[in-house]
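>>> here are the coordinates; sequence isn't available:
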């Protein structure tokens, strides 16, 4: 029976590298941000590659939910779904989420905001996805991993994550061939250059987060959500 893993991450994290890691397993198929087109259609936001994204994915969340909870071609052991938490808009029903096995990829908000500020000047708390992550965690639970822990010790953290999800760790998750993959979203040319050049998780390189003064209140608003999830990290 296929284990359907919904991995919930905010932006400016290692979510694509994590998708690569799971996609390196022979028993796993992956889905890249399946709610992205619905998110763009519902919000009207103009992201890079918007027209291609809207054409490539279902725009109704109900259709996405049916795909993510329905039959999986080939009956793989694991169906890994990379989700951006902010894509889970309030208008989207939640009942179908009960059919998935949830996991959470978190990152300290000071580093998220510092990174996000370089690509968007005025992010909001909803853009960062922390409230949505906590909502899902409180309702469904699931293992929590911090990106810093993944980078410090990928083997240990991924082993604990796999065990928490109900299947064995595979050493193949620690490395992958460079370049694009067929499962990459059509937005990959705009965002995935670093992952396409990689062959594994980057070394952990701690550095102080340079948060603009105007965005420090945003970090403080996100902090309680992060702390709640971090208290459960593996």
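Structure received. Fair warning: this is a prediction, and the values are worked out from it, not measured in the lab. Residues are numbered from 1 along each chain as shown.
>>> contacts for stretch 104-123?
Residues outside stretch 104-123 that contact it (C-beta atoms under 8 Å, 6 or more residues apart in numbering) are 7-15, 18, 127-128, 130, 133, 136-137, 142-148, 150, 209-212, 215, 218-219, 222-223, 226, 229-230, 233. C-beta coordinates here come from the backbone N, C-alpha and C atoms, glycine included.
>>> are any of those residues buried, and which?
Listed as buried from those are 7-15, 18, 127-128, 130, 133, 136-137, 142-148, 150, 211, 215, 218-219, 222, 226, 229-230, 233; burial here means 16 or more other C-beta atoms under 10 Å.
>>> hmm, back to that, among the contacts of stretch 104-123, which are in helices?
15, 18, 127-128, 130, 133, 136-137, 147-148, 150, 218-219, 222-223, 226, 229-230 (DSSP state H).
>>> what distance do you get for residue 139 to residue 97?
7 Å (C-beta to C-beta, to the nearest Å).
>>> what about the two, which has more around it?
residue 97 (18 against 11; other C-beta atoms under 10 Å).
>>> so which residues of this protein form strands?
Ranges of strands within the chain are 3-9, 28-32, 78-84, 101-106, 144-146, based on DSSP state E.
>>> pairing partners for the third one, with directions?
The one in question is strand 78-84. strand 3-9 (parallel), strand 28-32 (parallel) (DSSP bridges).
>>> make JSON lines out of those strands and add distance to residue 194.
Listed next are the strands paired with strand 78-84 as JSON lines, based on distance: least, C-beta to C-beta, whole Å:
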{"stretch": "strand 3-9", "distance to residue 194": "16"}
{"stretch": "strand 28-32", "distance to residue 194": "16"}
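>>> quick check: which of the ones you listed is nearest to residue 92?
Nearest to residue 92 among the strands paired with strand 78-84 is strand 3-9 (12.9 Å), distances taken as C-beta to C-beta.
>>> phi, psi for the nearest residue to residue 197 once chain neighbours are set aside please.
Using C-beta to C-beta, 6 or more residues apart in numbering and skipping residues adjacent in sequence, the residue nearest residue 197 is residue 178, 5.9 Å away. Dihedral pair for residue 178: phi -70, psi 160, per degrees, to the nearest 10.
>>> for the nearest residue to residue 132 once chain neighbours are set aside, give me its contacts.
Distances taken as C-beta to C-beta, 6+ apart put residue 85 closest to residue 132, at 4.3 Å, once the chain neighbours are dropped. Contacts for residue 85 (C-beta under 8 Å, 6+ apart) come out as 8, 9, 10, 129, 130, 132, 133, 136.
>>> any weak-confidence spans in this protein?
Regions of the chain meeting the criterion pLDDT under 70 are absent.
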